[in-house]
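>>> coords please:
(one chain, ligands or ions: 1)
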Amino acid sequence: MPHWTAMETVVNPVLAPGVPAAAIVDLRAIEANVRVLREHAGDAAVLAVVKADAYGHGLIPVARAARRGGATWVGTAQLDEAIALRDDGIDGRVFTWLQVPGADFAAALRRDIDLSAAAPWALTEIAVAARSIGVPARVHLKIDTGLGRNGAYGAGIEELITEARRHESEGSVQVVGIWSHFAYADDPDHPTVRHQQEVFEDAVRLAEAAGCELEVRHLANSAATLTNPSAQYDLVRPGLAVYGLSPVPQLGDPAAYGLTPAMTLVARLALVKDVPAGQGLSYAHRYVTSADTKVGLVPMGYADGLPRSASDAGPMVIGGRRYAVAGRVCMDQVVVDLGSDSMAQAGDLAVLFGPDSSSEPSAQDWAIASGTISYEIVTRLGPRVQRVYVGAQEDSS
Ligand SMILES: *Cc1c(COP(=O)(O)O)cnc(C)c1O
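This next block holds a predicted model:
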């Protein structure tokens, strides 16, 4: 079966008529990717990062699939998403790490969520919440080992550990982890990588000398999980690789690491029409037809997350042929110059990206076309793009 027909066969049963655009998410791919990451991680456990609505793939279905694949932990930046995971029945360990003063830490503790503290204010607020509900909080101390972003830095590291020990002795906090994040994980030979690991190991020694009984030391994101076994410690925190995308596209595509992209982004043509040579297409006529042709209207635009910077460049496949967006990406739509011999009709499928890089563009191709990274391509897809799930356990016979 030619691939195009295969794609229609896969998409048509799951994409209801009348749906303009959808992200089809293969949950079996998520599950398999987590299994692959477990193999890469050796003895370390896997925390699947499902922040930002699971990088646009859908928080709850992805978290379930990741748990099926063997992620003993799931994690989100924001507290609301961690709470949503628990309230939708996600078991195992849940970790959340980016809060501001006034956050409802008690709500997290009532749901048995692990918390991060990067500064003394967080320890103080977490301890108050823990006392109010009568259980000690499990806390991971965040160390800035050189990323220059979140975490205790320099002399602040010892201060954070001392504060944490004080709360531990009062019974309100239990320090279970020391953790940090790389600046150059995607460049494994960069000198900062080794240096950050040294700072990290010093912080671990300091915490242990102060009396912390650590359960997990964790530093590795996807890139470090795949390329730097010395950074795996007790737990790895992959995000992008869970979704089957390569965090190091310059070193290898997803297949090179045994990963399968989970998302296929499709739209249905809203219109196909004839236009003569010399007609400008879309705002500002940046693209002008060079011959009599047919144009197709794809009902997705920057409101749906297609970067406006993909104007004249964003790739897609229609009727088995590869095209690029013609002219500007608009809020709700883009135009494609289909060619005079195209057989495409309204209702036909446009595949913007998918897992089979031999026959369709990838999220990485969109990243290149837009001057960004594949993370942003999938994560910024808007709520108007319907998420359709295939491969949920419930479907399997
Ligand atoms: C987003 C994030 C991750 C996951 O990063 P990937 O590059 O997607 O694997 C891990 N740790 C922290 C702190 C993060 O913010």
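
>>> Can you pull up the residues of the stretch 101-250 of the chain that come close to the ligand?
Contacts of the stretch 101-250 of the chain with the ligand, taken as CB under 6 Å from any ligand atom, map to H181, N221, S222, A223, R237, P238, G239, L240, P247. The way it works is simple: take the backbone N, C-alpha and C, and place the C-beta from them, glycine included.

>>> Rebuild those as CSV, extending it with secondary structure, pLDDT and distance to G148.
Shown next, in CSV, are those (DSSP: H, G, I helix; E, B strand; the rest coil; pLDDT from 0 to 100; distance: CB to CB, whole Å):
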residue, secondary structure, pLDDT, distance to G148
H181, coil, 98, 10
N221, coil, 98, 16
S222, helix, 98, 20
A223, helix, 98, 18
R237, coil, 98, 19
P238, coil, 98, 22
G239, coil, 98, 20
L240, helix, 98, 21
P247, coil, 98, 20
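
>>> Name the nearest of those residues relative to P299.
Nearest to P299 out of those is L240 (CB to CB; 27.7 Å).

>>> Any figure for the gap between V334 and A324?
10 Å (CB to CB, to the nearest Å).

>>> for the chain, which helix is longest?
Criterion DSSP state H: the longest helix present in the chain is helix 191-209.

>>> and that helix, how far out from the chain's middle?
27 Å (CA atoms, centre = their mean, to the nearest Å).

>>> what does stretch 253-265 give?
Using CA atoms, centre = their mean, the offset of stretch 253-265 from its chain centre is 13 Å.

>>> What are the buried residues along it?
Neighbour-count burial for stretch 253-265, counted by 16 or more other CB atoms under 10 Å, picks out P254, Y257, G258, L259, T260, P261, A262, M263, T264, L265.

>>> just stretch 127-141 next, same as before
Residues of stretch 127-141 classed as buried: A127, A129, A130, R131, P136, A137, R138, V139, H140, L141 (neighbour count, 16+ other CB under 10 Å).

>>> before we move on, what about stretch 288-301?
For stretch 288-301, burial by neighbour count (16+ other CB under 10 Å) applies to T289, T293, K294, V295, G296, L297, V298, P299, M300, G301.

>>> Nearest to K51 among the residues of the stretch 101-250 of the chain next to the ligand?
G239 (7.1 Å).

>>> Check the burial of that closest one by counting its neighbours.
Counted with other CB atoms under 10 Å, residues neighbouring G239 total 22.

>>> Grab the nearest non-local neighbour of it.
Nearest residue to G239, sequence neighbours excluded (CB to CB, 6 or more residues apart in numbering): V49, at 3.4 Å.

>>> Dihedrals phi and psi, the one you found?
Dihedral pair for V49: phi -80, psi 120, per degrees, to the nearest 10.

>>> Need the pLDDT of it.
Here, the pLDDT recorded for V49 equals 99.

>>> Quick one: residues contacting it.
By CB atoms under 8 Å, 6 or more residues apart in numbering, the residues touching V49 are V74, G75, T76, N221, R237, P238, G239, V242.

>>> run the last query once more with 10 Å
For V49, the contact set (CB atoms under 10 Å, 6 or more residues apart in numbering) comprises 55, 66, 71, 73-77, 95, 97, 221-222, 236-243.

>>> Kindly report the same for A350.
Per CB under 10 Å, 6+ apart, neighbours of A350: 21, 265-269, 296-300, 316-319, 323, 334, 336, 344.

>>> residue in the stretch 251-397 of the chain nearest to the ligand?
Y375 (6.3 Å; CB to the nearest ligand atom).

>>> What distance do you get for that residue to N221?
According to CB to CB, Y375 and N221 sit 11 Å apart.

>>> what do the two both touch?
G239, L240, P247.
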